[in-house]
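S.K.: build me a model from this:
(chains A and B)
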Amino acid sequence: MLLALQILFGVLAAGTGIGLIVDVAKNRMDGIRNATGKQWASGFTVGIIANFLDTLGCGSYAPSTFMYKLFNQIDDIDIPGTLNIGDTFPVIFEAFIFTASVDCDPMFLWIMYICAAVGSFGFATIVTKWPRNKIRYALGSVMIPLALIMLCKNTGFGPFGAVGTLTGLTGWKLIVAAGLNILWGALMDIGFGLYAPCMATCLLLGVDGTACFPVFMGSCACLMPACSIEFIKTHRYDVPHTIGNALGGCIGVFIAWKVVTSLPMFWLINLVCVVLLWTSYTLIHAANKDKKAGIA
Amino acid sequence: MFVNEYVMDRRRYDKWATPKFWKLPIFYVYCVIFVAGVFGWVYFQKADAPMRWQTIGAFLTFVAVYRGVFFNWMHADKTFRVTRETYFGGKNWTCKVIVGEKNISLYINGKMNNKVEWEQIRKFEDAKSYFKLTAEEGNEGVMLDKACFTEGDADSFRQWMLANHPDIQYGPIAPPFDK
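M.R.: All right, here's what the predicted structure looks like:
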C-alpha cells in the first residue's frame, strides 16, 4: 500500500515534471549540452542548501537568490523561473514525506489546504493593492513576540501554558486557523512566504510541533505548480540550475526531514522560534531596503 | 478584410482559457488518485491504523479534487482578475482584431497593441463559438469570436482563410477547448 501511495505522489510530481521534460527536449536541449560543470555544481549546491532551509521553515527563495548571485552562473532574468520550477519538486516531496511520517487530523488538513487555495486565488486582486512594506513591518513585528511566547511555552516560563500536542483543531481555534490561512494564502500572491506565519498560527493554537509541517507544506505544494507552468511556457528558466535545484532540493529536503523528525520536541520548538525570528528579520530588512529605495 | 470586436469579460476569458476538465487525459489520473485517497482514508480509519495513513489519504483526495477539477478554472479566473486590476483599472477591456491581407492588428480599448505577421501563425483552429489563430508558441494566439464579426462573418472568414492561407494548418480545436 505504501508503495502504491508513493507511486501516486510520484504521479503528482510528474505533472510538472512532464511539462519540464517536454519543454527541455523540444526547445532547450542546447541548454543542457552547453552547460558547464560549474553551472551543474551551482544548481545542485543551491538546491540542497536552500531546500534544507526551506524544510525547516526558513523559505528557499532568499537563500537561493543570494547563492545564485554569489556563484554568478545564471542570468538574473532567469532566477524567478528557475526558483519556481526547480523548487516545485522538492516542495511536493516535502509534502509527501511529511504527510507520510507525521500524524495530523485529515479534516484539519483539508480545511487548511482549501483555505490557502481560496486565499491565493480568491483574494489575489485585493492583496495586490495592499501596501507591501506596511504588511512586512506588521508581520515582522508580530513574529518577534510570537517567537518569544513560544519560547516561554517551551520552557514553561510565564503565564502562557505548555506547548500544544494536538494533531488537529476544532471549534473556534479551527475557525481562527482557517481564516488566517486564507490571509497567508492571499499574501503569497504578493511575495510573502506562507511557511513561517502558518507555522506560528498552528503552534500558538496548540498544534503539535511536527504536525504543523504537513499543514504548511501541503498548502504550498498545492499552490506552487501554477507559477511553474507559466515559467515553463515562456521558457524563462535556466536548464542546468532548474534540474540541479529540483534534484539537489529533494536531497536537502530528505536531510532536513531526518533532522526534524529525529529532534526532541523541545529542540524542534526552539528551532521553530529561531526560524520565526529569522523570518521577522528578513521581513523588516526587506521593508527597510525598499523604503530606502522609495518603493512603497 | 475582417474585423472582430468583443469585450473581454470574466465569463469570456474563463471560457477561452479554461479547458473542460473532464476532457483532459490527466483528469483520469486524478480520478484514480481520488479513489485511492478516499479508499485509503476510509480503510485506515476502519483499520485503526496510525493517523498519518489517514493524513496521506486526505492529502491525496484534496490534491485530486483541487488539481483535477478546480485548478484550471481558478488559475484562469485569477489571471483575468489580476490583469484587469493591474492594466485596466478594474474594468473589462475591448479587443478589436483586424485581419488584413498582410498581417493581423490587435487593438485594446481603441489603442494599437500588437501586430502579428502571418508567418507567425501556425494553426487555424475552429471551435464551436470561436476561432483561434495559434502562434508559434503554441499556447498563444489570436482569438476571434464567431458571433462578434463587425466586418465579414464566421463562414466567410473560414473560407477566406482556407483560400488565402492554405499553408496554415486548419482543424478543429482540441476537445477540452471546444466551446
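S.K.: what packs against the host helix or strand of A:V91?
M.R.: Using DSSP states H and E, the element containing A:V91 is helix A:79-101. The contact analysis (3 or more Cβ pairs under 8 Å, 6 or more residues apart in numbering or on different chains; DSSP states H and E) places helix A:79-101 against helix A:2-27, helix A:37-56, helix A:61-71, helix A:212-223, helix A:225-234, helix A:239-262, helix B:51-65. Placement of C-beta: from N, CA and C, glycine included.
S.K.: hmm, 6 Å instead?
M.R.: helix A:2-27, helix A:61-71, helix A:212-223, helix A:225-234, helix A:239-262, helix B:51-65 (3 or more Cβ pairs under 6 Å, 6 or more residues apart in numbering or on different chains; DSSP states H and E).
S.K.: name the residues that touch the one helix or strand in chain B whose mean pLDDT sits lowest?
M.R.: Scoring the helices and strands of chain B by mean pLDDT, DSSP states H and E places helix B:51-65 at the bottom, with a mean of 85. Outside helix B:51-65, the residues within contact range by Cβ atoms under 6 Å, 6 or more residues apart in numbering or on different chains are A:5, A:99-100, A:102-104, A:106, A:109-110, A:113, A:218, B:30, B:33-34, B:37-38, B:40-41, B:44-45.
S.K.: for stretch A:37-53, same thing?
M.R.: Here stretch A:37-53 has contacts from A:60, A:63-64, A:67, A:71, A:73, A:90, A:240-241, A:244-245, A:248-249, A:251-253, A:255-256, using Cβ under 6 Å, 6+ apart.
S.K.: ok, of those residues, which come out buried?
M.R.: A:60, A:63-64, A:67, A:71, A:73, A:90, A:240-241, A:244-245, A:248-249, A:251-253, A:256 (16 or more other Cβ atoms under 10 Å in any protein chain shown).
S.K.: near chain A, which residues of chain B?
M.R.: B:29, B:33, B:36, B:51-52, B:54-56, B:58-59, B:62, B:66, B:74-75, B:78, B:81-82, B:85, B:139 (Cβ under 6 Å from any Cβ of the partner chain).
S.K.: what helix or strand does residue 116 sit in?
M.R.: Since no chain was named, I'll use chain A. helix A:106-122.
S.K.: the intended chain is chain B.
M.R.: Assigned by DSSP H and E, B:V116 falls in strand B:111-117.
S.K.: what mean pLDDT does that strand have?
M.R.: Strand B:111-117 carries an average pLDDT of 90.
S.K.: same thing with stretch A:98-113?
M.R.: On average, stretch A:98-113 scores 86.
S.K.: B:G90: what secondary structure?
M.R.: Look at B:G90: counting by DSSP: H, G, I helix; E, B strand; the rest coil, its state is coil.
S.K.: not counting its neighbours along the chain, what's nearest it?
M.R.: B:R84 (6.1 Å; Cβ to Cβ, 6 or more residues apart in numbering or on different chains).
S.K.: secondary structure element for the one you found?
M.R.: helix B:71-87.
S.K.: buried stuff in the next helix-or-strand element following that helix?
M.R.: Per DSSP H and E, the first helix or strand lying C-terminal to helix B:71-87 is strand B:93-99. Residues of strand B:93-99 classed as buried: B:C95, B:K96, B:V97, B:I98, B:V99 (neighbour count, 16+ other Cβ under 10 Å).
S.K.: what's strand B:93-99 in contact with?
M.R.: B:2-8, B:105-109, B:142, B:144.
S.K.: quick check, pLDDT for A:D54.
M.R.: 84.
S.K.: give me the phi and psi for the residue lying closest to it once chain neighbours are set aside.
M.R.: Here the nearest residue to A:D54 in space, its sequence neighbours aside, is A:S60; by Cβ to Cβ, 6+ apart that works out to 3.7 Å. Main-chain dihedrals, A:S60, degrees, to the nearest 10: phi -110, psi -20.
S.K.: what mean pLDDT does stretch B:163-178 get?
M.R.: Rounded mean pLDDT across stretch B:163-178 is 91.
S.K.: I meant to write stretch A:211-231 there.
M.R.: On average, stretch A:211-231 scores 76.
S.K.: point out where chain B drops to low pLDDT.
M.R.: Filtered on pLDDT under 70, chain B yields the residue ranges B:137-139.
S.K.: ok, now which ones touch whichever residue of chain A sits closest to chain B?
M.R.: Proximity of chain A to chain B (Cβ to the nearest Cβ) peaks at A:P106, 3.1 Å away. Residues near A:P106 by Cβ under 6 Å, 6+ apart: B:Q54, B:T55, B:A58.
S.K.: and the residue nearest to A:I243 when sequence neighbours are not counted, how many neighbours?
M.R.: Nearest non-adjacent residue to A:I243, counting by Cβ to Cβ, 6+ apart: A:G43, 6.6 Å away. Burial of A:G43 is recorded as 29 neighbouring residues (other Cβ atoms under 10 Å in any protein chain shown).
S.K.: distance check, A:G43 against B:M1.
M.R.: 51 Å (Cβ to Cβ, to the nearest Å).
S.K.: same check, this time on B:G171
M.R.: 24 Å.
S.K.: before we move on, what about A:I182?
M.R.: 50 Å.
S.K.: which one's more surrounded, the two?
M.R.: Higher neighbour count among A:I182 and B:M1: A:I182, with 19 against 9, using other Cβ under 10 Å.
S.K.: list the contacts for residue 74?
M.R.: Looking at chain A here, since you left the chain open. A:Y68, A:D238, A:H241.
S.K.: wait, chain B was what I had in mind.
M.R.: A:F121.
S.K.: redo that, cut-off 8 Å
M.R.: With contact set as Cβ atoms under 8 Å, 6 or more residues apart in numbering or on different chains, B:M74 has these partners: A:A117, A:F121.
S.K.: coming back round to it: can I get the contacts of A:I74 in CSV including distance to A:L187 and pLDDT?
M.R.: Below are the contacts of A:I74 laid out as CSV (distance: Cβ to Cβ, whole Å; pLDDT from 0 to 100):
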residue, distance to A:L187, pLDDT
A:Y68, 24, 83
A:D238, 28, 83
A:H241, 27, 87
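S.K.: closest one to A:G209 out of those residues, please.
M.R.: The closest of those to A:G209 turns out to be A:Y68 (Cβ to Cβ; 31.5 Å).
S.K.: what secondary structure does the spatially closest residue to the closest one that is not a sequence neighbour sit in?
M.R.: Excluding the flanking residues, the one nearest A:Y68 by Cβ to Cβ, 6+ apart is A:I74, at 5.2 Å. For A:I74, the assignment made with three-state DSSP gives coil.
S.K.: please identify the deepest-packed of the helices and strands packed on helix A:79-101.
M.R.: helix A:212-223 (a mean of 27; mean count of other Cβ atoms under 10 Å in any protein chain shown).
S.K.: by contact count, what packs against that one?
M.R.: Secondary elements touching helix A:212-223 (3+ Cβ pairs under 8 Å, 6+ apart): helix A:79-101, helix A:106-122, helix A:171-188, helix A:195-204, helix B:51-65.
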